[in-house]
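> I need the structure of the sequence given here:
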Amino acid sequence: MEPGLSSPHSQMRILALANQKGGVGKTTTAINLGTALAAIGERVLVIDLDPQGNASTGLGVDRRDRRLSTYDVLIAERTLASVIQETAVPRLALAPATIDLAGVELEIADHKDRAHRLRAALAALAQEQSADTNEAAFTYVLIDCPPSLNLITMNAMAAAHAVLVPLQCEFFALEGLTQLLSTVDHVRTNLNPGLALHGIVLTMFDSRNSLATQVVADVRGFLGEKVYETVIPRNVRISEAPSHGKPVLLYDLKCAGSQAYLKLASEMIQRERAYRATESGGAQTSPNQHPEKPNDESLQNGG
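Take a look at the predicted model:
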């Protein structure tokens, strides 16, 4: 067991977005939640750990511009700071992914620190940023995991303070939830005793579909307050945005999908305040203070 990356009160909060089922809105949530958090004043880093690199594409980073990537970080040839790129979104940066990640498990499988490569890289980044008074430190790190419970996902969970689970509002989405929660427990026991379940984000909700409504009720009945109040609707503008290399909040700020992600970011900040207040015995230690509702204009004027 390696030393902890940071305490719950450290400025940089690290969340792994994980679900072994594909197509549940995990990458979409990473991109747009990151954008929404940036819009309300946070300094955000999205780490793309999916070999498909969809988060990188969705944030407008062309594959030809990914000469350095998270692959280089996991094989310990580059620091995390050296692969980070700024995006078109103010206060939002990206550590991009390439297809090379598909073979990283074989390359690091025999190393004792194989499950802690990302943890070590983030610890080094936090140290660098604390020493650099001219650089705004990241307050949130969102890790977009691949759609499988493999060594890459283990690295993300071993490095994270908490796991955020996007869950599609359909019948089969519930089948893998128990397995994912079991994996979180396994990582907590063996790799990262501080790991928590931050919450479940229900995605692709269609109010016209009675089954979707039933899924929402079932998940809330099963996990209670761990399920976010904000539900992400099925929205065509969310689907269109990645083809333009933009988060939906930049593509169409006023659409239902954008507004839902802004509400999700606001709800997350409120949960973080409550969590930190509880951990500190009542003193709120959030690095930034925010209005109860995000300021939509900050997306358009850069802050």
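
> list the buried residues of stretch 271-281.
Within stretch 271-281, the residues that qualify as buried are 272, 275-276, counting by 16 or more other C-beta atoms under 10 Å. Yep, even glycine has a C-beta here, placed from its N, CA and C like the rest.

> mind giving me the packing neighbours of the lengthiest helix in the chain?
The helix that spans the most residues within the chain, counting by DSSP state H, is helix 256-279. Applying 3 or more C-beta pairs under 8 Å, 6 or more residues apart in numbering; DSSP states H and E, one finds that helix 256-279 contacts helix 26-39, strand 196-205, strand 227-233, helix 236-240, helix 248-251.

> which other residues reach the shortest one?
With contact meaning C-beta atoms under 8 Å, 6 or more residues apart in numbering, helix 248-251 is reached by 28, 32, 35-36, 39, 88-89, 235, 237-238, 240-241, 244, 255, 257-258, 261-262, 299.

> of these, just the buried ones, PyMOL syntax please.
Buried subset of the contacts of helix 248-251, written as a PyMOL selection, criterion 16+ other C-beta under 10 Å:
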select buried, resi 28+32+35+36+39+89+235+238+241+255+257+258+261+262+299
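
> picking up where we left off before, so the longest helix of the chain versus strand 227-233, what angle?
Between helix 256-279 and strand 227-233, the angle comes out at 170 degrees (axes from the mean of the first three to the mean of the last three C-alpha atoms, to 10 degrees).

> how about helix 256-279 as CSV, C-alpha atoms only?
Provided in CSV are the C-alpha atoms of helix 256-279 (Å, rounded to 0.1, in the frame of the first residue of the first chain):
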residue,chain,number,x,y,z
ALA,A,256,-31.8,20.9,-22.2
GLY,A,257,-28.6,18.9,-22.1
SER,A,258,-26.4,21.9,-21.4
GLN,A,259,-28.7,23.1,-18.6
ALA,A,260,-28.7,19.6,-17.1
TYR,A,261,-24.9,19.5,-16.9
LEU,A,262,-24.8,23.0,-15.3
LYS,A,263,-27.3,21.8,-12.7
LEU,A,264,-25.2,18.6,-12.1
ALA,A,265,-22.1,20.7,-11.6
SER,A,266,-23.9,22.9,-9.1
GLU,A,267,-25.2,19.8,-7.2
MET,A,268,-21.8,18.3,-7.2
ILE,A,269,-20.3,21.4,-5.6
GLN,A,270,-23.0,21.4,-2.9
ARG,A,271,-22.2,17.7,-2.2
GLU,A,272,-18.5,18.6,-2.0
ARG,A,273,-19.2,21.4,0.5
ALA,A,274,-21.3,19.0,2.7
TYR,A,275,-18.6,16.3,2.5
ARG,A,276,-15.8,18.6,3.4
ALA,A,277,-17.8,20.2,6.2
THR,A,278,-18.5,16.8,7.7
GLU,A,279,-14.9,15.7,7.4
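
> between it and strand 196-205, how many degrees?
Here helix 256-279 runs at an angle of 160 degrees relative to strand 196-205 (the same axes, to 10 degrees).

> residue 144: which of the helices and strands packed on helix 256-279 is closest?
The closest of these to residue 144 is helix 26-39. By C-beta to C-beta, the value is 4.1 Å.

> so after that closest one, what's the next helix or strand?
Per DSSP states H and E, the first helix or strand lying C-terminal to helix 26-39 is strand 44-48.

> ok, and what's touching the helix or strand that that following strand is followed by?
The first helix or strand that comes after strand 44-48 along the chain, using DSSP H and E, is helix 54-58. If you take C-beta under 8 Å, 6+ apart as the criterion, helix 54-58 is touched by 27-28, 30-31, 46, 48, 63, 66, 94, 96-97, 144, 241-242, 245-247.

> what residues are up against residue 153?
By C-beta under 8 Å, 6+ apart, the contact set of residue 153 is 16, 18, 20, 49, 145-146, 183.

> what about it, distance to residue 26?
The span separating residue 153 from residue 26 equals 11 Å under the rule C-beta to C-beta, to the nearest Å.

> now do the shared contacts for those two.
With C-beta under 8 Å, 6+ apart, residue 153 and residue 26 have common neighbours 18, 145.

> could I have the CA atoms of stretch 97-111 written out in PDB?
In PDB, the C-alpha atoms belonging to stretch 97-111 read as follows (Å, rounded to 0.1, in the frame of the first residue of the first chain):
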ATOM      1  CA  ALA A  97      -5.400   9.500 -25.000                       C
ATOM      2  CA  THR A  98      -4.200   7.500 -27.900                       C
ATOM      3  CA  ILE A  99      -4.800   3.900 -29.200                       C
ATOM      4  CA  ASP A 100      -1.400   3.000 -27.600                       C
ATOM      5  CA  LEU A 101      -3.300   2.600 -24.300                       C
ATOM      6  CA  ALA A 102      -4.800  -0.600 -25.600                       C
ATOM      7  CA  GLY A 103      -1.500  -2.400 -25.000                       C
ATOM      8  CA  VAL A 104      -0.400  -0.700 -21.800                       C
ATOM      9  CA  GLU A 105      -1.600  -3.500 -19.500                       C
ATOM     10  CA  LEU A 106       0.900  -6.000 -21.100                       C
ATOM     11  CA  GLU A 107       3.700  -3.500 -20.700                       C
ATOM     12  CA  ILE A 108       3.200  -2.700 -17.000                       C
ATOM     13  CA  ALA A 109       1.700  -6.000 -15.800                       C
ATOM     14  CA  ASP A 110       5.000  -7.300 -14.300                       C
ATOM     15  CA  HIS A 111       5.700  -4.100 -12.400                       C
END
